[in-house]
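A.B. asks: Sharing a model that was predicted from the sequence below.
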Amino acid sequence: PLALKLSEEQKEERLAIRELRAAFLEGADLTPEQEKFVEEKAVKYDIFTRMKGRRRYDILLKQLELKADVIPPSLLMAAAAIESDWGTNRIVREGNSLYKELDWYTDKGLKPEDDKQDQSYRYKTFPSLYDSMKSYALHLNSNVNYEQMRSYRAAIEYREKPVFGRALAHTMLFGTNLKNFAGLLDYTITFYELTNFDEAELGFVKLPKSKDKK
């Protein structure tokens, strides 16, 4: 449910950006509120340009359409399973951190117990598992190490094909220090049939009314 909820939020955000860019490319000027929206999203997705005026928003909107996109739920679920040892390791139990995200040169977060030599980093902690998943998805959509993943995702979408987690798994070479992380992702998604979630949607199940026994 967390991955599907995040997927729906990403779709809504992407739709708003695409509609705004489509109108902009047709010649419409951005309102002050729309400019503020674009600037806030640019900060969120780590997009920067020194250009001014209309050229600036042309660049920002183009980059936002590439970055503000859906991470397949199967990929998020498989990565969480691998990094958290299926929710059993200390990092997720004490810090709600599904992906072992790091903060450097800070005293905030959880100290690494398995690395006595390097104490210059901490594991990020989160208020909830959903916040952890949301942070990781943003990392994939903004960090320079995942540019290949985003470009490959865009190429699939250009051909009007659905984007599945397995298709992106091989681009996750820099996702972790674990050996063969891309292979582990592919195997986990395949073995547990997580691809089924990539086109699923959150919904409500209407339960039948119970019959009173007399």
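C.D. replies: On my side now, so go ahead. Being a predicted model, the structure only gives us computed values, none of them experimental.

A.B. asks: Contacts for the helix or strand harbouring residue 36, please.
C.D. replies: Here residue 36, judged by DSSP states H and E, is contained in helix 32-44. For helix 32-44, contacts defined as C-beta atoms under 8 Å, 6 or more residues apart in numbering pick out 13, 16-17, 20, 30, 47-48, 57, 60-61, 63-64, 68, 138, 142. Placement of C-beta: from N, CA and C, glycine included.

A.B. asks: just stretch 110-122 next, same as before
C.D. replies: With C-beta under 8 Å, 6+ apart as the contact definition, stretch 110-122 has outside contacts at 90-91, 94-95, 97, 102-109, 123, 125.

A.B. asks: in that stretch, what's buried?
C.D. replies: 110, 112, 122 (16 or more other C-beta atoms under 10 Å).

A.B. asks: Doesn't the second one belong to a strand?
C.D. replies: No: the assignment for residue 112, made by DSSP: H, G, I helix; E, B strand; the rest coil, is coil rather than a strand.

A.B. asks: what's the longest helix along the chain packed up against?
C.D. replies: Using DSSP state H to define each element, the chain has its longest helix at helix 2-25. The contact analysis (3 or more C-beta pairs under 8 Å, 6 or more residues apart in numbering; DSSP states H and E) places helix 2-25 against helix 32-44, helix 53-67, helix 73-83, helix 129-142.

A.B. asks: Now mean pLDDT too, for those helices, in a markdown table please.
C.D. replies: Output for the helices and strands packed on helix 2-25, formatted as a markdown table (pLDDT from 0 to 100):
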| stretch | mean pLDDT |
| --- | --- |
| helix 32-44 | 98 |
| helix 53-67 | 97 |
| helix 73-83 | 97 |
| helix 129-142 | 97 |
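
A.B. asks: among these, which is nearest residue 5?
C.D. replies: Distance to residue 5, taken as C-beta to C-beta, is lowest for helix 129-142 among these, at 7.1 Å.

A.B. asks: Which strands or helices does that closest one pack on?
C.D. replies: By 3+ C-beta pairs under 8 Å, 6+ apart, helix 129-142 packs against helix 2-25, helix 73-83.

A.B. asks: list the buried ones in the next helix or strand after it?
C.D. replies: Later in the chain than helix 129-142, the nearest helix or strand by DSSP H and E is helix 147-158. Under the neighbour-count criterion of 16+ other C-beta under 10 Å, helix 147-158 has 149-150, 152-153 buried.

A.B. asks: Stretch 37-44 now?
C.D. replies: 37-38, 41-42.

A.B. asks: likewise stretch 188-202?
C.D. replies: Using 16+ other C-beta under 10 Å as the test for burial, stretch 188-202 gives 188-189, 194-195, 197-198.

A.B. asks: Could you pick out which of those residues are located in helices?
C.D. replies: Those of these lying in helices (DSSP H): 188-189.

A.B. asks: if I look at the spatially most central residue of the chain, how far off is residue 161?
C.D. replies: Geometric centre of the chain, nearest residue: residue 137, 1.6 Å, by C-alpha atoms, centre = their mean. Per C-beta to C-beta, to the nearest Å, residue 137 is found 21 Å from residue 161.

A.B. asks: before we move on, what about residue 86?
C.D. replies: In this view, residue 86 and residue 161 are 31 Å apart by C-beta to C-beta.
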